[in-house]
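Visitor: Next comes the sequence, and after it the predicted model I'd like to discuss.
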Amino acid sequence: MNALGHAQIQTTQSKNVQAVAATQFDDFGVRPRRGKVAAPFLGSRGIFTADGELWKHSRALIRPTFSRNEIADLASFERHVNRFLALIPVDSSTVDLQPLAKRLFLDTSTEFLFGQSVESLLPETPFDTAEFLTAFDYSVLGLALRLMTGPFKLLFAIDPTWQKAYTKVHAFVDKHVDIAIDRQRRPVDTGKNKNSNAREKYILLHQMAIETQDPCDLRSQILNAFFPARDTVAVAFGNAMFELARHPSVWENLRGEVLDVGAQPLTFELFKSLKTTRAIINETLRLDLPASRIIRTALRDTVLPVGGGPDGCSPVFMPKGQNIEVNLYTLHHDPQIWGADADDFKPERWGEGRPSWEAHWQYEPFFGGMRMCPAQNQVITQISYLLVRMAQRFRAVENRDSVWNFKEEIKLTVESRNGVKIALIAG
Ligand code: HEM
């Protein structure tokens, strides 16, 4: 395709997906496209913008955040979920769940990444959350526009609004960076907490400060991790509720499974056994996936397994510097893989005896290979937790949107343009 004057390859072939993600991983990178453009906002070091050794270092810094123990620790998530549930009307009036869910995940992600939640679900927030959010959203929009317009990004070269926005975000992050560095430099407290068995909560920024106390490096590393966390899970959960409001029988199946759980504690292990819940999440991430376009640049001359020749089945040459877009949306909607009902929401397709789409690189909502989303298990656990709590509390969910179909709004993530307007029936 011609992407605003640049020749770019678009692919939906699973063999090419596998090559880009895994078997030819070293041939592709993100830095040529993202590095310079993102630097003013995200800095020059971090998981989202780096390749090679720098990327390996950033990935190693972030990995422990998503360890089994951290994911299984649902106590602080529960605190935020209770606040979220308290804001949902129980008189069957219409609510748009999307902005509420975004506030929930903003609160949880700021807590586990920075060590302090912005508490946007509380009536009294500790500081001007709205101002921070506006600044962050504008910073992301500015970055998205610059990434999408490629050679025309110069049009935005003198845009003081973007600079103002990311400067505000930096001020917020720097405050927490200073706290993390200060904490690291303080002598270890061997006093009153010495015998305490309480496990200290894992906070990514504090862990990063053990490795580096360079404030610019820390700001860059943590912003690179926060950036993909913002909105993605809220959008995925919102999309699941969007579909459930239009498929009452699936809600009934979910509620049946959840009522069978009874008063058992909601644990990581329990979620793994909830087949209907997991099928709903899988199907939502297939149909309405928040991250649908993966773009890479060839770091050297390379050859893709398929796409060339008159029938598109031969290998195809990609010169160094050319971009490739892996279009996960089309892959997830391909009738040759999913059947004639590829565009329909059918969680039952994830039942026993199904084909192993994942093993064949046909289902990749978190992408795959070395740069696969590190938060995958945490995301699935948190969405499962929320769906279970919703189904415990509400007997039914009704669509209250005059528009039936899912209309995409494409930002850096893809979300429902009309929000998630529903009513929840308590019972
Ligand atoms: C439903 C929710 C989410 C989905 C569907 C999702 C999907 C993805 C996808 C497709 C990628 C690959 C992007 C690319 O290579 O261009 C990615 C990367 C990444 N995601 Fe997620 N993500 C989600 C939530 C999160 C959360 C909550 C975090 C929390 C920190 C996170 C952190 C990251 C990071 C750091 C990367 C970059 C990994 C690397 O380049 O090594 N994601 N995600």
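Guide: Nice, thanks for sending it over.
Visitor: for the stretch 301-427 of the chain, what spans make up the helices?
Guide: Here the stretch 301-427 of the chain has its helices, by DSSP state H, counting those that start in this stretch, at 328-332, 335-338, 376-393.
Visitor: Show me what counts as buried in the shortest one.
Guide: This points to helix 335-338. Neighbour counts using 16 or more other Cβ atoms under 10 Å place 337-338 of helix 335-338 among the buried residues. In this view, the C-beta of every residue, glycine as well, is placed from N, C-alpha and C.
Visitor: helix or strand right after the helix or strand bottoming out on mean pLDDT in the chain?
Guide: The least trusted helix or strand in the chain, going by mean pLDDT, DSSP states H and E, turns out to be helix 68-72, with a mean of 70. For helix 68-72, the succeeding helix or strand toward the C-terminus, using DSSP states H and E, is helix 75-86.
Visitor: Tell me which residue lies nearest the centroid of this protein.
Guide: Taking Cα atoms, centre = their mean, the centroid of the chain lies closest to Thr232, which sits 3.5 Å from it.
Visitor: how about that residue, what does it touch?
Guide: The neighbours of Thr232, taking Cβ atoms under 8 Å, 6 or more residues apart in numbering as the test, are 290-291, 379, 413.
Visitor: what's the answer for Asp51, then?
Guide: 29-31, 299.
Visitor: Among those residues, which lie within helices?
Guide: Residues of those located in helices (DSSP state H): Arg31.
Visitor: export the contacts of Asp51 to CSV and tack on pLDDT and distance to Gly307?
Guide: Listed next are those as CSV, based on pLDDT from 0 to 100; distance: Cβ to Cβ, whole Å:
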residue, pLDDT, distance to Gly307
Gly29, 97, 20
Val30, 96, 21
Arg31, 94, 24
Leu299, 98, 19
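Visitor: nearest to the ligand, of the contacts of Asp51?
Guide: Val30 (6.5 Å; Cβ to the nearest ligand atom).
Visitor: re the thing from before, look up how far Asn282 lies from the residue nearest to the centre of the chain.
Guide: 16 Å (Cβ to Cβ, to the nearest Å).
Visitor: Equivalent analysis for Val379, please.
Guide: 12 Å.
Visitor: quick one, which of those two is more surrounded?
Guide: Val379 (23 against 19; other Cβ atoms under 10 Å).
Visitor: hmm, back to that, nearest to the ligand among the helices of the stretch 301-427 of the chain would be which one?
Guide: Comparing those by their distance to the ligand (Cβ to the nearest ligand atom), the top pick is helix 376-393, with 4.4 Å.
Visitor: what's the angle between the closest one and helix 75-86?
Guide: Going by axes from the mean of the first three to the mean of the last three Cα atoms, to 10 degrees, helix 376-393 is angled at 40 degrees with respect to helix 75-86.
Visitor: got the buried residues for helix 376-393?
Guide: Within helix 376-393, the residues scored as buried using 16+ other Cβ under 10 Å are 376-391.
Visitor: Next: stretch 415-427.
Guide: In stretch 415-427, counting by 16+ other Cβ under 10 Å, buried: 415-416, 418-424.
Visitor: can you check stretch 61-70 too?
Guide: Taking 16+ other Cβ under 10 Å as the criterion, stretch 61-70 shows 61-62, 65-66 as buried.
Visitor: I'd like those as TSV, with secondary structure appended.
Guide: Shown next, in TSV, are the buried residues of stretch 61-70 (DSSP: H, G, I helix; E, B strand; the rest coil):
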residue	secondary structure
Leu61	helix
Ile62	helix
Thr65	helix
Phe66	helix
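Visitor: do the one helix or strand Met241 maps to and the ligand meet?
Guide: Assessed by DSSP H and E, Met241 sits inside helix 232-246. Yes - residues of helix 232-246 contacting the ligand under Cβ under 6 Å from any ligand atom: 232-233, 236.
Visitor: How much space separates the residue of the stretch 51-200 of the chain found nearest the ligand from Arg395?
Guide: Taking Cβ to the nearest ligand atom, the ligand has its nearest neighbour within the stretch 51-200 of the chain at Arg59, 5.0 Å off. Per Cβ to Cβ, Arg59 is found 44 Å from Arg395.
Visitor: now do Glu283
Guide: 22 Å.
Visitor: out of the two, which sits in the more crowded spot?
Guide: For Glu283 versus Arg395, neighbours defined as other Cβ under 10 Å are more numerous around Glu283 (21 against 12).
Visitor: so where's the stretch 51-200 of the chain uncertain?
Guide: Scanning the stretch 51-200 of the chain for pLDDT under 70 picks out 69, 125-128, 150-158, 187-199.
Visitor: part of a helix, is Glu283?
Guide: Yes - looking at Glu283 with three-state DSSP, it is inside a helix.
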